[in-house]
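> Next comes the sequence, and after it the predicted model I'd like to discuss.
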Amino acid sequence: MASASVVDSQLNEVATKVKQYHFPVESIPRLSYDDPEAERLIRNEEPVILTGTNLVASALQWSPEYLSNNIGHGTYTVYSSKNHKFLYYDDKKICKVPTFTPPTTHQDMTFQDFLNKVTEWKEGEPYNYLQQSLNDSVGPQIVQDFAAFNWKWISDERAKNNWGALTSNLLLVGMDGVVTPVHYDEQQNFFAQVHGFKRFLLFDPSMFGCLYPYPVFHPHDRQSQVDFDNPDFDRFPRLRELKGRQAILGPGDVLYLPVYWWHQVESVPGYGMTVSVNFWYKSGPTEKIVYPLKPHQKVAMMRNIEKMITEALNNPEEVPPLLQDMVLGRYT
Ligand SMILES: O=C(O)C(=O)C[C@H](CCCc1ccccc1)C(=O)O
Ligand SMILES: [Zn+2]
């Protein structure tokens, strides 16, 4: 395992290589897991990079080759995209938008088949990204490594911050340069980087108005309509107000990614394949309402209003005209 200083010097080099976009970014604090400031940030639902957690220390040998030799012959969901971007969509909502064309395809295959596709990849061919919840179909060695995660530390964090249950651990194995475009999730997330380097761009929930998410009933619910590589400032004028944060993760780093925080995740080009494991937790029960409401509470409220209106109208096509009648010239 690379020593801390080696990872640190690599992180500094990676920071000079990552792509810059039109908006300014500030770094996320990188603190030892036992630093009281780290605890304060997590309590306050602000992102922080934690070092020294040993959360996935037992998985630091999970190179793609090691996984291929030890994960067994179960099948895993592998997404394919004609470019390096993997915009997530919810299969269950496709019926609401008949004109929707999925931007990625996915199929189940063995890890070995996935790794062969990546090894034999040629410029111009589709990109592949393995994204699959870790389950009991993995081989005994991987089960052993998984069991040796620092479950004590992370369950203490869950309890201290009054979160709900762990819902899943997503195993993510990406090709060099793949990108998960900017979106938010409705769960608390400890994101563990295992192999290779990932750059996160993060935006706090108050940036909702600058990131123009798809409608809640759309398959791309929770994803931004904005393409950072080709920002459309005419259609999305408040993009100009966007201010971001940045986190670069190396092997062993854990990012606390608070619920409702927007994030774009990139496997840094030129640094090879990446392996990550996330830990998604149901967010805790909302204690009693305190005013002023937090930005993420307003996002939750906007989602509920969109859901109510869509269900009440019982026809997605009638939602835009009703919302426009309600807002344009009255609240604008
Ligand atoms: O851990 C997170 O929240 C991430 O966004 C990590 C991201 C892949 C997530 C794929 C995905 C996005 C939306 C819904 C379900 C699955 C990456 O590392 O590329
Ligand atoms: Zn996410």
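Yes, it's here. Ligands and ions are numbered 1, 2, ... in the order given.
> Quick check: residues of the chain near ligand 1?
With CB under 6 Å from any ligand atom as the criterion, the chain meets ligand 1 at residues 88, 131, 172, 180, 183, 185, 189, 191, 263, 265, 276, 278. Backbone N, C-alpha and C define where each C-beta goes, glycine included.
> Out of the residues you listed, flag the one nearest to residue 57.
Distance to residue 57, by CB to CB, is smallest for residue 276 among the residues of the chain next to ligand 1, at 14.7 Å.
> Going by neighbour count, which of the residues of the chain next to ligand 1 comes out on top?
Neighbour counts for the residues of the chain next to ligand 1 (other CB atoms under 10 Å) peak at residue 265, which has 26 neighbours.
> List the strands paired with the helix or strand where it lies, with their directions.
Using DSSP states H and E, residue 265 sits in strand 262-267. Counting by DSSP bridges, the strands paired with strand 262-267 are strand 179-183 (antiparallel), strand 198-203 (antiparallel).
> So which residues of the stretch 201-332 of the chain form strands?
In the stretch 201-332 of the chain, the segments counted as strands under DSSP state E, counting those that start in this stretch are 244-249, 254-257, 262-267, 274-282.
> can you list those in CSV and add mean pLDDT?
Listed next are these as CSV, based on pLDDT from 0 to 100:
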stretch, mean pLDDT
strand 244-249, 98
strand 254-257, 98
strand 262-267, 99
strand 274-282, 98
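> In TSV, list those along with distance to residue 83.
Converted to TSV, the strands of the stretch 201-332 of the chain look like this (distance: least, CB to CB, whole Å):
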stretch	distance to residue 83
strand 244-249	22
strand 254-257	25
strand 262-267	13
strand 274-282	17
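> where does whichever residue of the stretch 1-150 of the chain sits closest to ligand 1 fall, helix, sheet strand or coil?
Nearest residue of the stretch 1-150 of the chain to ligand 1: residue 88, at 3.8 Å (CB to the nearest ligand atom). Of the three states, residue 88 takes coil according to DSSP: H, G, I helix; E, B strand; the rest coil.
> hang on, isn't it packed against residue 223?
Yes - using CB atoms under 8 Å, residue 88 makes contact with residue 223 at a distance of 6.2 Å.
> which neighbours do the two share?
residue 183 (CB atoms under 8 Å, 6 or more residues apart in numbering).
> how about stretch 158-169: buried residues?
The neighbour-count check on stretch 158-169 (16 or more other CB atoms under 10 Å) flags 158, 161, 163, 166, 169 as buried.
> Widest-spaced pair of those residues?
Farthest pair in the buried residues of stretch 158-169 (CB to CB) is 161 and 169. Separation: 18.2 Å.
> what sits up against the helix ranked longest in the chain?
Counting residues, the longest helix found in the chain (DSSP state H) is helix 295-313. Helix 295-313 is contacted from outside by 45, 184, 204-206, 208, 215-217, 258-260, 286, 289, 293, 316, 319, 322-323, using CB under 8 Å, 6+ apart.
> How about stretch 82-93?
Under CB under 8 Å, 6+ apart, the answer for stretch 82-93 is 79, 100, 102-104, 126-127, 129, 131, 175, 177-181, 183, 217-223.
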